[in-house]
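Participant: Build the 3D model from these lines:
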Amino acid sequence: MKETIVVTTLVENSVRGLLAEHGLAFHLQAGPRSLLFDTGQSDLLLHNSLKLRISVADVEAIVLSHGHNDHTGGLTAAHEAAPQARLFLHRAALSPKFARNRDGTTRSIGMDEATADAIRKAAKAVVWTTKPTEVLDGIFVTGEIPRPNTFEDIGGHFFRDADSA
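Facilitator: Coordinates of the predicted model:
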């Protein structure tokens, strides 16, 4: 018999009955085992998890889908709450990322330096993912997903080099 996986939204910008912010964080519960998928923009996931009676301290893994700050900003708080959790991410998550504002100026949307430092300090707990990787029994991350076409709308003008503006 396969286990049921319960996915709970901890952070997003329109969640009801909880505090909201631009960003994303999910808690996945598979029987007695659990993980976080992304960590939102701040430590807000800790507040919302308490309200939902979800123990972040028990998570075994934290998966970062990509390196934008609205998906990684709560990592330091999450990893402090669950120091035993292994971290799953692609190395490119640590690289700088930028977006163009409407007025033509540029802003950083990448992982902040404190979060990157927390990942470097947890080096033994980091699993660098480039291909499908099992996070917990039967739960995988895909690894790299190429974008081989030019017609996908990525939702804004994003780039990796501040000088590309």
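
Participant: K51 is in contact with V15, correct?
Facilitator: No: using CB atoms under 8 Å, V15 is not in contact with K51, being 10.6 Å away. (C-beta placed from N, C-alpha, C; glycine too.)

Participant: so what's the residue most central in space within the chain up against?
Facilitator: Central residue of the chain (CA atoms, centre = their mean): D38, 2.3 Å from the mean position. Taking CB atoms under 8 Å, 6 or more residues apart in numbering, we find D38 in contact with 11, 23-26, 63-65, 71-72.

Participant: and the gap between the closest residue to it other than its chain neighbours and K124?
Facilitator: Among residues not flanking D38 along the chain, H71 sits closest, at 4.3 Å (CB to CB, 6 or more residues apart in numbering). Taking CB to CB, to the nearest Å as the measure, H71 falls 23 Å from K124.

Participant: more crowded one of these two?
Facilitator: Per other CB atoms under 10 Å, whichever of H71 and K124 has more neighbours is H71, with 23 against 6.

Participant: Wait, that one touches F37, no?
Facilitator: No: if you go by CB under 8 Å, H71 and F37 don't touch, sitting 9.1 Å apart.

Participant: Overlap of the contact sets of the two?
Facilitator: 25, 65.
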